[in-house]
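> need a 3D model of the sequence below.
(2 chains)
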2 protein chains.
Amino acid sequence: MSKILIFGHKNPDTDAIASAISFAYLQNKLGTDSEAVSLGVVTEETQYALNQFNFKAPRVIETAVNETTQVMLVDHNEAQQSVSDISEVEVLAVVDHHRVANFETTNPLYYRAEPVGCTNTIILKLFKENSIAIPKGLAGLMLSAIISDTLLFKSPTCTSEDIKAANELAELAEVDLNIYGLNLLKAGTNLSDKSAVELLDMDAKSFPMGEKNVRVAQVNVVDVNDVFSKQAELEITMAELSAVNQYDLFILVVTNILDSDSVILATGNPIKAVEEAFNITLENNKATLKGVVSRKKQIVPQLTKELSK
Amino acid sequence: MSKILIFGHKNPDTDAIASAISFAYLQNKLGTDSEAVSLGVVTEETQYALNQFNFKAPRVIETAVNETTQVMLVDHNEAQQSVSDISEVEVLAVVDHHRVANFETTNPLYYRAEPVGCTNTIILKLFKENSIAIPKGLAGLMLSAIISDTLLFKSPTCTSEDIKAANELAELAEVDLNIYGLNLLKAGTNLSDKSAVELLDMDAKSFPMGEKNVRVAQVNVVDVNDVFSKQAELEITMAELSAVNQYDLFILVVTNILDSDSVILATGNPIKAVEEAFNITLENNKATLKGVVSRKKQIVPQLTKELSK
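Model prediction:
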């Protein structure tokens, strides 16, 4: 029997990579021969975490069915965010903290989702439920995922469970949560050598909303001008990517991790829906969303609702 | 804030009713004001279990949004098996042991599915994870669901976890598992006063399969002739129900709980797909499926695969 592949979403962030590694570790301990792989190269933030705790980035796969018949998904479930041939393999398990959409199986499966800030908060529970110990380095990687997904607890997606889990993992990993946390987040804000295409692809996801296909990219910064100094180039690239990939709307969310606000840049149609969804007026295609840092909780539901009217 | 409604699937079986009651009990203990309701009247088997352990049948609802904005689903997730206005309420949680299909949310939620034989096996775990004690009567009701769904452990859906859970619950409920189990199953096989429509509606579910809409009804018997003595009437009724409800295929699965075989009666189009899916030849629209007792594991996946070709 071939190895079961375990992976997070396309354009993997730190949680997508760390949860593949931590869930594969758990599955192997439980006797299921599995391998963590990824659906894209890791970000600088993730590479920082991997280096810190002595992990290698998982190998990148383009398709699954050439290697295996069975997979497990972490940190996502929607088909368009998954491996391109997801419909040709059996999904045995999902561990996730997102909405359920565009996901369907033929057989019963293990599905564990909770409305918490990070997949690794759930995976920590699974380790405990199965009485499997977490090695020091893995604890550090899982901690990195929680810091990343919750923006060091500042995101409205963050729950008391995430904070508790992070403190527990920080102790196991023997790191100072706040010092390491800020260093990790800053490692992800180094955008100086990124092209417009790279910026728009670093952490981007597609969502069907009503009849529309919406692309939402997000980048973390310590100064939003690091991104908007290239606004003209970004807009041209967003239009090009939308034409090629048939996105109706393309929204770039630039999140300042220090003050926890975001500035969005929106292109496509219907642009009015963006203004209605967030009760804003776009100026020069941009608007500030005060206190908005979470795509999942503060962008996608509002826009889905507006586009489903 | 209005009460959260918790319910199982339409045409509720013992697990659908018992899991609504047990999960609502747990939620209330955890501080979430909730009420178990049902999407249909209970079967004789379920009524037997309710009487045995001093429960009343939950009240039947037709719609949810007139009472609440938030619901929790047990023992199902597919929209066509749920309350008619499911798209108008928020699903906060799902506890289930079926495939995931035709299910979509706008927000992250709690979703707990495991490929075990019964929803109450999962709910027992949730009680333990939350350190909530299960009262004697509730244990008996949860046990009844496991007996019903696994046909007293004879179904291929039954796992070692279901058997372990049932034994634990039998001890809490202070009943002899085997004696009570057979009595419960037999209570569900009293079909003498059932009309053809009632037989076809007792435990029936709809499934989208490929481009087809398939209805699969199942009844448990101790003698298949109790049902097939009315074959002509059943076929006429199946045709009528299919016309009204736009079922392409209507399959009645008559399961002998003593020898664990089923005889199916199949009508509609493409009837050839039924023969291909189970590698059988229908004679007089019927065929025996040796060792087949589980709609979920031995009927739906095979037919879905065939109709998706």
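
> partner strands of the longest strand along chain A, with direction?
Assignment by DSSP state E gives strand A:212-221 as the longest strand of chain A. Note on strand A:212-221: by DSSP bridges, its sheet partners are strand A:204-209 (antiparallel), strand A:249-256 (parallel).

> what's the following helix or strand after it?
helix A:225-228 (DSSP states H and E).

> starting at the chain centroid, how far to that next one?
Offset of helix A:225-228 from its chain centre (CA atoms, centre = their mean, to the nearest Å): 22 Å.

> can you check stretch A:210-223 too?
11 Å.

> buried residues, it. List them.
Within stretch A:210-223, the residues scored as buried using 16 or more other CB atoms under 10 Å in any protein chain shown are A:Lys212, A:Asn213, A:Val214, A:Arg215, A:Val216, A:Ala217, A:Gln218, A:Val219, A:Asn220, A:Val221. (Glycine included, C-beta is placed from N, CA and C.)

> what about A:Ala133, helix or strand, and which?
Here A:Ala133 is assigned to no helix or strand, by DSSP H and E.

> identify the residues contacting the nearest residue to it once chain neighbours are set aside.
Take A:Ala133 and drop its neighbours on the chain: the residue closest to it by CB to CB, 6 or more residues apart in numbering or on different chains is A:Phe127, 7.7 Å away. With contact set as CB atoms under 8 Å, 6 or more residues apart in numbering or on different chains, A:Phe127 has these partners: A:Ser22, A:Leu26, A:Ala133, A:Ile134.

> show the buried residues in these.
So, by 16+ other CB under 10 Å, the buried ones in these are A:Ser22, A:Leu26, A:Ile134.

> next helix or strand past whatever helix or strand the second one lives in?
Right, A:Leu26. Counting by DSSP H and E, the element that carries A:Leu26 is helix A:14-29. The first helix or strand that comes after helix A:14-29 along the chain, using DSSP H and E, is strand A:34-36.

> would you mind giving the domain segments of chain A?
For chain A, automatic domain parsing gives the domain ranges A:4-187, A:196-307.

> can I get those domains in a markdown table including mean pLDDT?
Formatted as a markdown table, these follow (pLDDT from 0 to 100):
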| stretch | mean pLDDT |
| --- | --- |
| domain A:4-187 | 97 |
| domain A:196-307 | 95 |
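
> okay, these, which one's buried deepest?
domain A:4-187 (a mean of 21; mean count of other CB atoms under 10 Å in any protein chain shown).

> endpoint to endpoint, that domain covers what distance?
32 Å (CA to CA, to the nearest Å).

> state the distance from whichever residue of the stretch 151-300 of chain A sits closest to chain B to A:Lys205.
In the stretch 151-300 of chain A, no residue comes nearer to chain B than A:Lys296, which is 6.6 Å away by CB to the nearest CB. Plainly put, A:Lys296 is 9 Å away from A:Lys205 if you go by CB to CB, to the nearest Å.

> so which of the strands paired with strand A:212-221 gets nearest B:Ser155?
For the strands paired with strand A:212-221, the distance to B:Ser155 is smallest for strand A:204-209, at 36.6 Å, taking CB to CB.

> tell me the residues of the stretch 151-300 of chain A that contact chain B?
Counting by CB under 8 Å from any CB of the partner chain, the stretch 151-300 of chain A comes close to chain B at A:Thr157, A:Lys296, A:Lys297, A:Val300.

> what's the nearest residue to the third one if we skip its chain neighbours?
Taking CB to CB, 6+ apart, and ignoring the residues beside it in sequence, A:Lys297 has A:Thr157 as its nearest neighbour in space, at 5.0 Å.

> my guess is the one you found contacts A:Ser294. True?
Yes - between A:Thr157 and A:Ser294 a contact is recorded at 4.8 Å, counting by CB atoms under 8 Å.

> still on that earlier bit, other residues contacting the longest strand of chain A?
Contacts of strand A:212-221 (CB under 8 Å, 6+ apart): A:45, A:151, A:185, A:188-189, A:191, A:199-208, A:227, A:241-242, A:245-257, A:270, A:273, A:295, A:299-300, A:303, A:307.

> got a list of what A:Ala277 touches?
So A:Ala277 contacts A:Gln302, A:Leu303, A:Lys305, A:Glu306, A:Leu307 (CB under 8 Å, 6+ apart).

> how about it: what's its closest non-neighbour residue?
A:Glu306 (4.0 Å).

> distance check, that neighbour against A:Ser206.
For A:Glu306, the distance to A:Ser206 - CB to CB - is 17 Å.

> do the same with A:Thr106
Applying CB to CB to A:Thr106 and A:Ser206 gives a distance of 24 Å.

> which pLDDT value goes with A:Ser192?
Turning to A:Ser192, the model gives it a pLDDT of 77.

> quick one: pLDDT of A:His1?
If you look again at residue A:1, you'll see it is Met, not His. On pLDDT, A:Met1 comes in at 59.

> wait, A:Val83 touches A:Ser38, no?
No - contact criterion CB under 8 Å: A:Val83 and A:Ser38 do not qualify, at 10.2 Å.

> overlap of the contact sets of the two?
The contact lists of A:Val83 and A:Ser38 share A:Phe7, A:Ile61, where a contact means CB under 8 Å, 6+ apart.

> need the residues of the stretch 1-150 of chain A near chain B, please.
Residues of the stretch 1-150 of chain A lying near chain B (CB under 8 Å from any CB): A:96-115, A:129.

> rerun at 7 Å
A:97-101, A:103-115 (CB under 7 Å from any CB of the partner chain).

> now intersect those residues with the strands, please.
A:Tyr110, A:Tyr111, A:Arg112, A:Ala113.

> which residue ranges form the strands in chain A?
Listed in chain order, the strands of chain A (DSSP E) span A:4-7, A:34-36, A:70-74, A:90-96, A:110-113, A:204-209, A:212-221, A:249-256, A:261-268, A:286-289.

> show me what contacts A:Met209?
A:Leu303, A:Thr304, A:Leu307, A:Ser308 (CB atoms under 7 Å, 6 or more residues apart in numbering or on different chains).
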